[in-house]
Structure formats: C-alpha cells, structure tokens
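Visitor: Quick check, what structure comes out for this input:
(4 chains)
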Protein chains: 2
Amino acid sequence: MDKDKIDKKDHILDVAERIFAEMGFDGASTRMISGEAGVNMAMLNYYFGSKEGLFLAVIERKITSFQNILQNIGNAENISAWGKIESYIEIYGERVVNNNCFQKLLYQEMSMNRRTELSDKIRNILMNSVSELFKILQDGIDSGEFKKDTDVQMVVATMYGTKNFVVNTPLMSSTMLGYDIQDDKVLEEQFKPRIKTYLKNLFKAYLVNENDNSK
Amino acid sequence: MDKDKIDKKDHILDVAERIFAEMGFDGASTRMISGEAGVNMAMLNYYFGSKEGLFLAVIERKITSFQNILQNIGNAENISAWGKIESYIEIYGERVVNNNCFQKLLYQEMSMNRRTELSDKIRNILMNSVSELFKILQDGIDSGEFKKDTDVQMVVATMYGTKNFVVNTPLMSSTMLGYDIQDDKVLEEQFKPRIKTYLKNLFKAYLVNENDNSK
DNA sequence: AGACACTAATCAATCGTTTGATTAATTTTG
DNA sequence: CAAAATTAATCAAACGATTGATTAGTGTCT
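Guide: Residues are numbered from 1 along each chain as shown, chains lettered A, B, ... in the order given. Okay, here's the model as predicted:
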C-alpha cells in the first residue's frame, strides 16, 4: 500500500532529524542513519537522492508547518502590540519544547557559512518570522505603546538567542538552572512556563512605556 | 632558534581555530588545516598527537586567558551591583568582537553531547564566569537594588544567548541588522557599542528597582 | 510483462593516521 | 674546535578504514 511507503519515509526523516541534530551534518553518516532507521543504505539515495537531499528533506518537512503561524498574530486587529508580543512568546515557548531537536538542527546549519544554497533557504524562511516580529515591534513604537529608543533588531536577537542557548547547550543550561533540561517532563512542567514568564517580564520592562505622567 | 618552533605551533593553532570554527570539528579535515597552515600533514600528529588533540590544544590555549577576568569585578567593594553588571557588559562586549571565532568554536562544541571529557572541561570553565554573574545578581537582589522576582539564571542565559546568536549566525544577523557583522570595522564601530548599549538598557529595565515612591 | 520497491555488493574518494627516509639542529666526544 | 653521534623536525607516500554514492540484480505487486 502507498501508506507504508510514506510511513517509511517519515520514519527515516524522524531518525535522520534526531541524528543530524545530535551529530551535526558531517558527524552523522548515512550508514548510521539507515542502520538506526532499519532500512538499507541505498534507500536513502533512492528516496532523497543524496545525503544533502535527505538533510534538506528533514528541514523542509518541518519548515512548512513553521510558516503562517505568526502572520495571524501580526494581522490581528483588536490586540495591543504588547498583547501580540505576549502571544508570540506563548507560541514560541510551546515550540521550544516540542521541536527542540529540529531547532538545534536549524541553528547548527546557520552557524556554518558554507552550503550557501541551503543556508540561504533557511535564512529566508526564518526571516519571515523575524519580519513579523519587526512589524509588531515597530507598530508598538509608532503608536507610543513601546519606548522610542527600542532596539527592535536586538530584541529579536535576544528572543531567539535566549531560547537557542538553553536548547542548544542542554548540559550547560542544566548545570545553570539546576534541573535536567533534557528530561521531557522537566522541560514541559518547569522550563516551559519559566521561559515564558521570564521573556514576558524581560520585554515588558524593556519595551512598554509606563502609564505615568512624566514628560 | 626556539622562537620559530613556538611560532609555528601557534600558527597552526591559529589556522586550526579558524577552520574548526568555520567547518566544525567533523567538517574540518586535517589536510585542509595543514594545507592552509602551510605545513606537512604529519606535523599535526607530530605536534598534537591527533586531530582531537589539536582541537583540545586550540581550546586550552584560549581558555587560560579566559579565567580570572571577571572575579575582579565581582570582588570590587565600592561599586553598586548595577555598576558591576555594567562593567561586565563592557568587558563582555569587548571579548565578543575580538574572540568571536573562538566563541563560535566553544559554543559548537557545547552543542554536541558527545566527547564528554572535553565538553565537561569547557562547561566547568564557563561555569566559573556564570557563577560570578550569579553572585553579583543575587547580591543586588539581597540589597534591594534589583527586583525581587529577578530570574537570575535566565538573565545569564539571555546575556550569553543574545551574543551567541549574533556571533554564531552572522549571515542571519547581518540580514537582520542591516549591515555586515563579519566586517571587522562594522563589528568594531557599529555593533560593539550597539550591543553594549542594548544590553545595559535591557537589563537596567528588567533588573533595577526604580527610585519611585510606590509601595 | 513491466513499473516499482528493495537489497547486497561494490565503487572511487576521502578520511585520520603511520611509516620510513631525509634534513636540520643539538650534544657528545676526541 | 671539529668530527661523530644523537635528537628533533620535516617530508612524501602509503596505510586501512570509512565516507557517500552507484550498480546490478531480486522480488513484488498490478
């Protein structure tokens, strides 16, 4: 049946995603991936053409679901700029937990300046999300809701950077935070609400103009 | 003369540091490193034993200079907690620019969970700096200078994460920021003051209790 | 029969490392 | 001091292993 083939391809992609994230593109071998997936080595090339094709397939599979999620937030009418940022942090916090393997993969690929074709693709896609954030922030500034001297670009760098740091260096972060970030339960029950609360407090303090009578 | 030998080893380490940072540990080949350094391939094994030994030597060379820099700040007596944070950001901002190649290398190694012997070493050394920051922050909270609900650990994650994001994904960051992060002049004249100012503003807003008459 | 799914065997290329020989530098000896 | 002996530094070549990829062939369906 057709279903089996799709399931098999998806299974390969699942395994490849995990191994690529753990070992990096170069560190992961096709034998390791095919072996762990329980398929013949040649199947990787049969299905995906090449190792790079497999890598690209792993990324493209997820990337589609990444799109369009944030545009709804940005385009919402009756929500304040700060409300949009809060929504963004909520959604972002959820994705941190569920897709941290993939996040690591993305970040790893972006760290390398080579393979520009793929890197460009990834960067362009991520820039969509970034642009949405820019727009929200700039609107907030223009409406006077956010402070005038806000560094819009750096705010985004902090948003992504803080999350990436924790997700990509789990051993370091676990030592710092005092509990095991790699434990799914801890991640879900402890870290997820924590980073959401933290980012909201952090950016509220930095972004939002207090409703005082100054000036 | 003895000088030449030392210079040569140092030259190899310089090249290896750059290539490891650019290509990752697995992506960099010994042929590439020796070729670019202008030495025979066998010299790498002759000097450093193995590829991993070379990698370790690259890291250990820098790590020593990393130590003890921040302890002076933490132990200063007549400076406020916020003043210490400002000093930290200043020094940290300087290091970002000058050692970004090495920073990338460190972060890359920490992202992989394998090679635990080396990773543990790196993590422990970084934890020294982290602990200094913790202490400063906690002192500020205890003295009432910083807000009581400050998430000390996450502040550090933001500090490192924001910087790492920009340094490790230069192409992405350059697109975001609108200028070329990889250009040394831009990095020095534009980005360095910018990230310093931004981090100070960000953390001042989040950390410092306003001297108002509330409560 | 013929398109598709799959496998074992094999390919050339590249990997990190080792070798044996050669040169340069240093130390020991007369 | 100079010749001899020893050590250190450097090299081209080759090692076995592993890499990603391909081939030729075997079933398996419709």
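Visitor: Which residue does chain A have closest to DNA strand D?
Guide: DNA strand D sits closest to residue A:50 of chain A, with a gap of 2.9 Å, by CB to the nearest atom of the strand. Where C-beta positions appear, they are placed from N, C-alpha and C, glycine not excepted.
Visitor: Can you pull the phi/psi pair for that residue?
Guide: The phi and psi torsions at residue A:50 (degrees, to the nearest 10) take the values phi -160, psi 170.
Visitor: For residue A:103, see how far away it is.
Guide: 24 Å (CB to CB, to the nearest Å).
Visitor: Show me which of those two is the more surrounded one.
Guide: The residue with more neighbours, out of residue A:50 and residue A:103, is residue A:103; 19 against 11, by other CB atoms under 10 Å in any protein chain shown.
Visitor: Where does that one sit, in terms of helix or strand?
Guide: Element membership of residue A:103, judged by DSSP states H and E, is helix A:100-111.
Visitor: following that helix, which helix or strand comes up?
Guide: Past helix A:100-111, heading to the C-terminal end, the next element that is a helix or strand (DSSP H and E) is helix A:116-142.
Visitor: how about that following helix, does it reach DNA strand D?
Guide: No. Contact of helix A:116-142 with DNA strand D (CB under 7 Å from any atom of the strand) is absent, the minimum separation being 13.1 Å.
Visitor: Run the chain-centre distance for the helix or strand following that helix.
Guide: Sequence-wise, the next helix or strand beyond helix A:116-142 is helix A:152-168, with elements assigned using DSSP H and E. Relative to the mean C-alpha coordinate of its chain, helix A:152-168 is positioned 10 Å out (CA atoms, centre = their mean, to the nearest Å).
Visitor: pLDDT of helix A:152-168, averaged?
Guide: Helix A:152-168 carries an average pLDDT of 94.
Visitor: picking up where we left off before, and the helix holding residue A:103, what does it pack against?
Guide: Other helices and strands packing on helix A:100-111, by 3 or more CB pairs under 8 Å, 6 or more residues apart in numbering or on different chains; DSSP states H and E, are helix A:2-27, helix A:51-66, helix A:116-142, helix A:152-168, helix B:100-111, helix B:152-168.
Visitor: and those as a markdown table, adding distance to DNA strand C?
Guide: Rendered in a markdown table, the data for the helices and strands packed on helix A:100-111 read as follows (distance: least, CB to the nearest atom of the strand, whole Å):
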| stretch | distance to DNA strand C |
| --- | --- |
| helix A:2-27 | 5 |
| helix A:51-66 | 13 |
| helix A:116-142 | 19 |
| helix A:152-168 | 23 |
| helix B:100-111 | 15 |
| helix B:152-168 | 22 |
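Visitor: could you dump the ones you listed to CSV with distance to residue A:38?
Guide: Conversion of the helices and strands packed on helix A:100-111 to CSV gives the following (distance: least, CB to CB, whole Å):
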stretch, distance to residue A:38
helix A:2-27, 8
helix A:51-66, 16
helix A:116-142, 27
helix A:152-168, 28
helix B:100-111, 27
helix B:152-168, 35
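Visitor: Lowest average pLDDT across those?
Guide: When the mean pLDDT of each of these is compared, helix B:100-111 ends up at the bottom with a mean of 78.
Visitor: What is the distance between that helix and the centre of its chain?
Guide: Here helix B:100-111 is found 8 Å from its chain centre; the criterion is CA atoms, centre = their mean.
Visitor: Contacts for that helix next, please.
Guide: By CB atoms under 8 Å, 6 or more residues apart in numbering or on different chains, the surrounding residues in contact with helix B:100-111 are A:104, A:107-108, A:111, A:168-169, A:171-172, B:17-18, B:20-21, B:24-25, B:58-59, B:62, B:95-96, B:115, B:118-119, B:122-123, B:126, B:163-164, B:167-168, B:187.
Visitor: again, only this time at 7 Å
Guide: For helix B:100-111, the surrounding residues in contact (CB atoms under 7 Å, 6 or more residues apart in numbering or on different chains) are A:104, A:108, A:111, A:168-169, A:172, B:17-18, B:20-21, B:24, B:62, B:118-119, B:122-123, B:164, B:167-168.
Visitor: now do stretch A:146-159
Guide: Applying CB under 7 Å, 6+ apart, the contact partners of stretch A:146-159 are A:81, A:130, A:133-134, A:137-138, A:140-141, A:199, A:203, A:207-209, B:158, B:162, B:165-166, B:173, B:176-177, B:195, B:198, B:202.
Visitor: Buried residues, that stretch. List them.
Guide: Buried residues in stretch A:146-159, counted by 16 or more other CB atoms under 10 Å in any protein chain shown: A:146-147, A:150-159.
Visitor: ok, these vs residue A:37, which is closest?
Guide: Relative to residue A:37, the closest of the buried residues of stretch A:146-159 is residue A:159; by CB to CB it sits at 34.3 Å.
Visitor: what's near enough to touch whatever residue of chain A ends up closest to DNA strand C?
Guide: Distance from DNA strand C to each residue of chain A (CB to the nearest atom of the strand) is smallest for residue A:40, at 3.2 Å. In this structure, residue A:40 makes contact with residue A:34, judged by CB under 7 Å, 6+ apart.
Visitor: Residue A:142 now?
Guide: Going by CB under 7 Å, 6+ apart, the list of residues near residue A:142 is empty.
Visitor: How much space separates it from residue A:148?
Guide: Remark: distance between residue A:142 and residue A:148 (CB to CB) = 10 Å.
Visitor: Now do the residue nearest to residue A:127 when sequence neighbours are not counted: how many residues are near it, please.
Guide: For residue A:127, ignoring the flanking residues on the chain, the nearest one in space by CB to CB, 6 or more residues apart in numbering or on different chains is residue B:175 at 6.1 Å. By the criterion of other CB under 10 Å, residue B:175 has 18 neighbours.
Visitor: Shouldn't residue B:175 be within a strand?
Guide: No. When the secondary structure is assigned by DSSP: H, G, I helix; E, B strand; the rest coil, residue B:175 falls in helix instead of a strand.
Visitor: I'd guessed it sits against residue A:125; true?
Guide: No. Counting by CB atoms under 7 Å, residue B:175 stays clear of residue A:125, with 11.9 Å between them.
Visitor: Count the residues that sit near residue A:124.
Guide: Counted with other CB under 10 Å, the neighbours of residue A:124 add up to 10.
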